[in-house]
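Student: Sequence first, then the predicted structure:
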Amino acid sequence: MTAHAYALADGNTIPAIGLGTYGLNDQSGVDAVVSAIHDGYRLIDTAYNYGNEEVVAEAIRRADVDRSDLFITTKLPGRHHGVDETLASFEQSRKRLDLDWVDLYLIHWPNPKRDRYVDSWRSMIKLKERGVVRSIGVSNFTPPMLDRLFAETGLMPVVNQVELHPYFPQAELRAYHAEHAIRTESWSPLAKRTDLLAEPAIVEIAERRGATPAQVVLAWHLALGAVPIPKSADAARRRENLDVFELELDAGEVDAISGLERGRIWGADPDSHEEM
């Protein structure tokens, strides 16, 4: 990790922490993203299905930061899987984002019952070759799915964005990623709507370190080499979430937090979940 960024297998770099934008809509969403960029966020994560790509576009226009310093991610929805459908969907996203290029384009869900994610991956390779996408990856893919992408196209994703938090550390999947030079991104990194931040193991570390429980959890993600994508509409909380790079947990603290594992909290198993 250099200057709070990681190298990706394709030669590009990705910021070590990002801003999730799900639910950031309308003018308040624009204001939140502009404020986040002003505070130092450079990775902005959106998706076709979030319905707020135009919100992100307006924030980029208003932000006093060069476009080349930002890292914009969006995602392909399940209903647009397929060779031609993927190309058309991407152009819709790019038009709404008002960008010459997208830094990272992800397949949002594999939707294995439809069995068209390999076709979409082939089209994403074409988009990368055209230069309109800098890096391509996936979200919510399992090792067998990733193996299949490589076997049928010869190219492995450089990122897999998955549910990852102390209740679901995904150790086996992260080991697979490390073996195949795939960077792990964490959605729901703070396990919202659970009691994670009140867990005694986390509270004790936070008190000892002079940090908040959320900062401790985000530092745990960084210690794992994962890229957390926390979302908050609260400006103070966003700044707090970004102020974690001096908080380096020791191995015992990382193990204590990982020991909270109990499984998925959202119930969305990629082998069966379908999201259009």
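Tutor: Right, received. Where do you want to start?

Student: just the helices in the stretch 151-276 of the chain please.
Tutor: 171-179, 200-209, 213-224, 235-242, 251-258 (DSSP state H, counting those that start in this stretch).

Student: closest one to residue 18 among those helices?
Tutor: Taking Cβ to Cβ, helix 235-242 is the member of those nearest to residue 18, at 9.9 Å. For every residue, glycine as well, the C-beta is placed using N, CA and C.

Student: can you list contacts of that closest one?
Tutor: Contact with helix 235-242 is made by 17, 19, 32, 35-36, 39-41, 212, 214-215, 218, 230, 232, as judged by Cβ atoms under 8 Å, 6 or more residues apart in numbering.

Student: And the residues you listed, which of them are buried?
Tutor: 17, 19, 32, 35, 36, 41, 212, 214, 215, 218, 230, 232 (16 or more other Cβ atoms under 10 Å).

Student: residues contacting the nearest residue to residue 137 once chain neighbours are set aside?
Tutor: Using Cβ to Cβ, 6 or more residues apart in numbering and skipping the chain neighbours, the partner closest in space to residue 137 is residue 159 (3.2 Å). Residue 159 sits next to 8, 14, 104, 106, 135, 137, 138, 182, 183, 184, 185, 227 when contact means Cβ under 8 Å, 6+ apart.

Student: Looking at those, which is nearest residue 120?
Tutor: The closest of these to residue 120 turns out to be residue 138 (Cβ to Cβ; 9.4 Å).

Student: and residue 136, bridged to which residues?
Tutor: Counting by DSSP bridges, residue 136 forms beta bridges with residue 105.

Student: can you put the contacts of residue 159 in a markdown table and add distance to residue 94?
Tutor: Below are the contacts of residue 159 laid out as a markdown table (distance: Cβ to Cβ, whole Å):
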| residue | distance to residue 94 |
| --- | --- |
| 8 | 20 |
| 14 | 19 |
| 104 | 13 |
| 106 | 14 |
| 135 | 15 |
| 137 | 17 |
| 138 | 19 |
| 182 | 24 |
| 183 | 23 |
| 184 | 26 |
| 185 | 21 |
| 227 | 22 |
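
Student: if we can go back for a sec, tell me which residues form a beta bridge with the residue nearest to residue 137?
Tutor: Taking DSSP bridges, one obtains residue 183 as the residues bridged to residue 159.

Student: follow-up on the earlier one: any chance of the buried ones among the contacts of helix 235-242 in CSV, with distance to residue 142 and pLDDT too?
Tutor: As requested, the buried ones among the contacts of helix 235-242 are exported to CSV (distance: Cβ to Cβ, whole Å; pLDDT from 0 to 100):
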residue, distance to residue 142, pLDDT
17, 25, 98
19, 27, 97
32, 33, 97
35, 36, 96
36, 31, 96
41, 29, 97
212, 33, 98
214, 28, 98
215, 31, 98
218, 25, 98
230, 24, 97
232, 29, 93
